[in-house]
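Q: Sequence below, structure please.
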Amino acid sequence: MPGWRPEPLANVAEAGAGQSAKLSVDQQRIIVIGASAGGVDALKRIVGDFPVDLRATVFVVLHVGAESYLAGILDRCGALPAQEATSGTAFKMSNIYIAPPGFHLLLHDGHMLLRRGPRENLARPAIDPLFRSAALSYGARTIGVLLSGSLSDGTAGMRAIKAAGGLTVVQAPQDAVVPDMVESALRHVSVDHCVPIAQMGGLLSSLATEPAGESFPVPSGTRLEAAIAAQEHSTMKNEDRLGELSVFTCPECHGPLWEIEDGDMVRYRCHTGHALTSEAMVEAQSAEADEILWSLLRIHQQRAEFARRMAEREKTRDRPGMAKKLSDRAKEYQADAELIEQILESWRER
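A: Numbering: from 1, shown residues only. Below is the predicted model:
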């Protein structure tokens, strides 16, 4: 994948399900879809509305855990065959490919690549790596779609698609179960279409029949970020920096973070490649603080219990002075534990 130069879809116009003839290169479309919380039902509706001769290949990233049954679910929802993506495999028109758990899904030269690159926005698979790779390889033929989900994964990728000349589509926020992702895209990207899910399948099918416009060169930073996801860059070197060195540390590996100004959007990347939007940074810092507080609570509770037991032992040995000292310590440790509990309780009420 050297250089991530856009390449023609060689040998990809094989007849898909219901496809009767090969399509010209200019007619071939790449639809990349990103979703998170609340996205499964939206995906089912879209796939159910796709025609059997959809003039595009569809790629889907859904934030998932260690297991995913999405391929089987979508395969049963409509006329197009759906399957998990496999690395190094050429893709076919009128097919749907889903990123498997634990791997970023990338596109290049008519093939799919799966890579265990650094997590982005606390996720792998993440949406931004797929969107960037599609923008780099297929330019204006790319149609980027964002659906229901929390935080802001996908916004940077949508910006890359837009910069390359592709089309951008989001689910209407009022129609999304969790509107965070689409609202983030609407704030930071000049989105081409914003529609409810009931109209999404028909819109995408129609856009897939339209000739693509002009493709534009993408910024070098986008190429570098795509290479990081593809594990072509093992670490961020100073000469490869994407922004300015910040005072913050990566919540994933605790290394220094580069602060990237992407239009009016601020993002972060560490030297090992972890990437976070501002929203993801806040979420990660909150999770880290929560974990630290629970650990402190456990430690103080154990110290208090240990001091109480030692005080009782000193009493049985008729050492009242030492027993009182240990008992006072136990009270101090318990007070510390109760203070931490109050902080955690105040967080839960927010």
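Q: switch to C-alpha atoms for all contacts and neighbour counts from now on
A: Fine.
Q: Where does the prediction get shaky in the protein?
A: 1-27, 233-241, 349-350 (pLDDT under 70).
Q: Show me where it has its helices.
A: 39-49, 70-75, 127-138, 155-163, 180-188, 197-208, 220-229, 278-316, 320-348 (DSSP state H).
Q: ok, what's across the strand from residue 105?
A: Beta-bridge partners of residue 105, counted by DSSP bridges, are residue 114.
Q: before we move on, what about residue 62?
A: Note on residue 62: beta-bridge partners residue 35, judged by DSSP bridges.
Q: what residues are up against it?
A: Neighbour list for residue 62: 34, 35, 36, 39, 99, 125, 126, 127 [criterion: CA atoms under 8 Å, 6 or more residues apart in numbering].
Q: would you put the C-alpha positions of stretch 213-223 in CSV?
A: The C-alpha trace of stretch 213-223 is given here as CSV (Å, rounded to 0.1, in the frame of the first residue of the first chain):
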residue,chain,number,x,y,z
GLY,A,213,-17.2,14.4,-10.0
GLU,A,214,-13.6,15.5,-10.0
SER,A,215,-11.2,13.9,-7.4
PHE,A,216,-8.8,16.2,-5.5
PRO,A,217,-5.4,15.5,-3.9
VAL,A,218,-5.7,14.9,-0.2
PRO,A,219,-3.4,16.5,2.4
SER,A,220,-0.2,14.7,3.3
GLY,A,221,-1.4,14.4,6.9
THR,A,222,-4.3,12.3,5.7
ARG,A,223,-1.9,10.0,3.9
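Q: next one: it to chain centre, how far?
A: Offset of stretch 213-223 from its chain centre (CA atoms, centre = their mean, to the nearest Å): 21 Å.
Q: Now that stretch: buried residues?
A: 215, 216, 218, 222, 223 (16 or more other CA atoms under 10 Å).
Q: For the closest residue to the third one other than its chain neighbours, which residues are in contact?
A: In other words, residue 218. In this structure, residue 218 finds its nearest non-sequential neighbour in residue 164, 5.7 Å apart by CA to CA, 6 or more residues apart in numbering. Residue 164 makes contact with 135, 136, 139, 140, 215, 216, 217, 218, according to CA under 8 Å, 6+ apart.
Q: hmm, back to that, single out the most deeply packed of the helices of the chain.
A: Sort those by mean neighbour count, taking mean count of other CA atoms under 10 Å, and helix 127-138 sits at the top with a mean of 30.
Q: That one vs helix 155-163, what angle?
A: Interaxial angle, helix 127-138 versus helix 155-163 (axes from the mean of the first three to the mean of the last three CA atoms, to 10 degrees): 20 degrees.
Q: Run through who's touching helix 127-138.
A: For helix 127-138, the surrounding residues in contact (CA under 8 Å, 6+ apart) are 4-8, 30, 32-35, 61-62, 104-109, 120, 142, 144, 153-158, 160-161, 164, 166, 218, 222-223, 225-226, 229.
Q: Quick one: work out the angle between it and helix 220-229.
A: Using the same axes, to 10 degrees: helix 127-138 against helix 220-229 is 120 degrees.
Q: center of this protein, which residue is that?
A: residue 126 (3.0 Å; CA atoms, centre = their mean).
Q: and that one, what does it touch?
A: Residue 126 makes contacts with 61, 62, 63, 104, 119, 120, 153, 154, as judged by CA under 8 Å, 6+ apart.
Q: Now render the residues you listed as CSV, adding distance to residue 48.
A: Shown next, in CSV, are these (distance: CA to CA, whole Å):
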residue, distance to residue 48
61, 17
62, 17
63, 21
104, 25
119, 31
120, 30
153, 25
154, 23
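Q: Can I get the buried part of those residues as one PyMOL selection?
A: To isolate the buried ones among these in PyMOL, judged by 16+ other CA under 10 Å, type:
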select buried, resi 61+62+63+104+119+120+153+154
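Q: so which of the contacts of residue 126 comes closest to residue 257?
A: Minimum distance to residue 257 across the contacts of residue 126 is 13.3 Å, recorded for residue 120 (CA to CA).
Q: ranges for the strands of the stretch 1-150 of the chain?
A: In the stretch 1-150 of the chain, the segments counted as strands under DSSP state E, counting those that start in this stretch are 29-35, 56-62, 82-84, 96-98, 104-108, 111-115, 142-146.
Q: and the ones you listed as JSON lines, adding distance to residue 193?
A: What follows is the strands of the stretch 1-150 of the chain, written out as JSON lines (distance: least, CA to CA, whole Å):
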{"stretch": "strand 29-35", "distance to residue 193": "14"}
{"stretch": "strand 56-62", "distance to residue 193": "18"}
{"stretch": "strand 82-84", "distance to residue 193": "25"}
{"stretch": "strand 96-98", "distance to residue 193": "22"}
{"stretch": "strand 104-108", "distance to residue 193": "24"}
{"stretch": "strand 111-115", "distance to residue 193": "27"}
{"stretch": "strand 142-146", "distance to residue 193": "9"}
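Q: how about those strands, which one is nearest residue 90?
A: Of all those, strand 111-115 comes closest under CA to CA, at 4.2 Å.
Q: If you count contacts, what does the closest one end up packed against?
A: For strand 111-115, the packing partners by 3 or more CA pairs under 8 Å, 6 or more residues apart in numbering; DSSP states H and E come out as strand 104-108.
Q: quick one: the strand it packs on to strand 56-62, angle?
A: Between strand 104-108 and strand 56-62, the angle comes out at 160 degrees (the same axes, to 10 degrees).
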